[in-house]
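J.: requesting a structural model of the entry that follows:
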Amino acid sequence: MMCQELLGFLNQAETIMQITTSWHERGRMEGRMEGRMEAQKETILKYLSRRFGEQPADLEEKVQKISDLQILDRILDELFTAGTIEEARAIILGKIAGNLQ
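T.: Residues are numbered from 1 along each chain as shown. You can find the predicted model right below:
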């Protein structure tokens with residue numbers, strides 16, 4: 001009986017370790033994703049400031065609220081084509097609006 005109890009305990013311990021490892025890996029992946037999103041936001045805002053000499057507060061607020069890495073990537077890709085801050089605003093707001101639909 002003692003041997004079966006020990007085996008049961010070991011199986012439970014192994015299951016707990018697998019769950020803990022899974023949570024740990026998930027947390028690491030989420031952390032990396034958040035880091036990439038923050039880096040993209042920073043790059044977008046820095047680009048606006050360097051390219052147009054300004055970083056409008058309304059655009060900064062909109063960019064900071066984006067929580068989708070693909071949208072941030074699309075904005076950054078298209079932002080290089082903007083010749084004015086108004087064009088940049090249209091790109092950013094268009095990508096945000098396109099995501100809401």
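
J.: let me know the pLDDT of D58.
T.: Note for D58: predicted pLDDT of 89.

J.: can you tell me how far it is from G27?
T.: 33 Å (C-beta to C-beta, to the nearest Å). In short, each C-beta sits where N, CA and C put it, glycine included.

J.: before we move on, what about K65?
T.: Note on K65: its distance to G27, by C-beta to C-beta, is 23 Å.

J.: now do the SS call for the residue nearest the centre of the chain.
T.: Central residue of the chain (C-alpha atoms, centre = their mean): M37, 3.4 Å from the mean position. Put simply, M37 is helix when judged by DSSP: H, G, I helix; E, B strand; the rest coil.

J.: buried set for the strand or helix carrying I91?
T.: Per DSSP states H and E, I91 falls inside helix 85-100. Within helix 85-100, the residues scored as buried using 16 or more other C-beta atoms under 10 Å are I85, A88, R89, I91, I92, K95, I96.

J.: cool, and stretch 52-64?
T.: The neighbour-count check on stretch 52-64 (16+ other C-beta under 10 Å) flags F52, Q55, L59, K62, V63 as buried.

J.: just give me the closest of the residues you listed to K46.
T.: In terms of C-beta to C-beta, no member of those lies closer to K46 than Q55, at 8.3 Å.

J.: if anything else comes up later, I'll come back, but that's it for now.
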